[in-house]
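**Student:** Test case, fold it:
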Amino acid sequence: VQLQASGGGSVQAGGSLRLSCTGVRAISSFFNPSTVGWYRQGPGKERELVASISNRFSTNYADSVKDRFTISRDNSRKRLYLQMNSLKPEDTGVYYCHLRSTYNQDFWGQGTQVTVSS
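**Tutor:** Purely as a prediction, here's the structure:
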């Protein structure tokens, strides 16, 4: 796996978690010019975009997470972050980091579970 995600866990509603994703091996060589982001898949739901950040640090958020989640990247470390605050039970799911290269190739991390209890 060339995108290694971590930071998931279980938290009560209103709590916070921070997800990290690191591009390793071949991906580390083209991480910086790529758009990276986070998707999630809740129980019985389709995978959906949570947030993305371009190579120019332009960000995009799903309406459901605006003002609660913050996406950021550290190109020197080939790392992507998602700070999640004010978590709700509906944020529960498996979170996947994603990279789209400048050649429009898609790469996915292995997923990390986030569980929010009410």
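**Student:** Test for you: state the pLDDT assigned to the residue nearest the centre of the chain.
**Tutor:** Closest to where the C-alpha atoms of the chain average out (C-alpha atoms, centre = their mean) is Trp38, at 2.7 Å. Here, the pLDDT recorded for Trp38 equals 98.
**Student:** same deal with Ser28?
**Tutor:** Ser28 carries a pLDDT value of 89.
**Student:** quick one: pLDDT of the closest residue to it other than its chain neighbours?
**Tutor:** Take Ser28 and drop its neighbours on the chain: the residue closest to it by C-beta to C-beta, 6 or more residues apart in numbering is Lys78, 4.7 Å away. Quick note: C-beta positions are derived from backbone N, CA and C, even for glycine. The model reports Lys78 with a pLDDT of 97.
**Student:** ditto for Thr35
**Tutor:** At Thr35, pLDDT is 97.
**Student:** which phi and psi does the residue nearest to Ser28 have?
**Tutor:** Main-chain torsions, Lys78, degrees, to the nearest 10: phi 60, psi 50.
**Student:** How about Ile27?
**Tutor:** Per degrees, to the nearest 10, the backbone of Ile27 is at phi -60, psi -30.
**Student:** any chance you could map the strands in this structure?
**Tutor:** Ranges of strands in the chain, per DSSP state E, are 3-6, 9-12, 17-23, 35-41, 48-53, 59-61, 69-74, 79-84, 93-100, 106-108, 112-117.
**Student:** Partner strands of the fifth one, with direction?
**Tutor:** Spelled out, that is strand 48-53. Sheet pairing of strand 48-53 (DSSP bridges) gives strand 35-41 (antiparallel), strand 59-61 (antiparallel).
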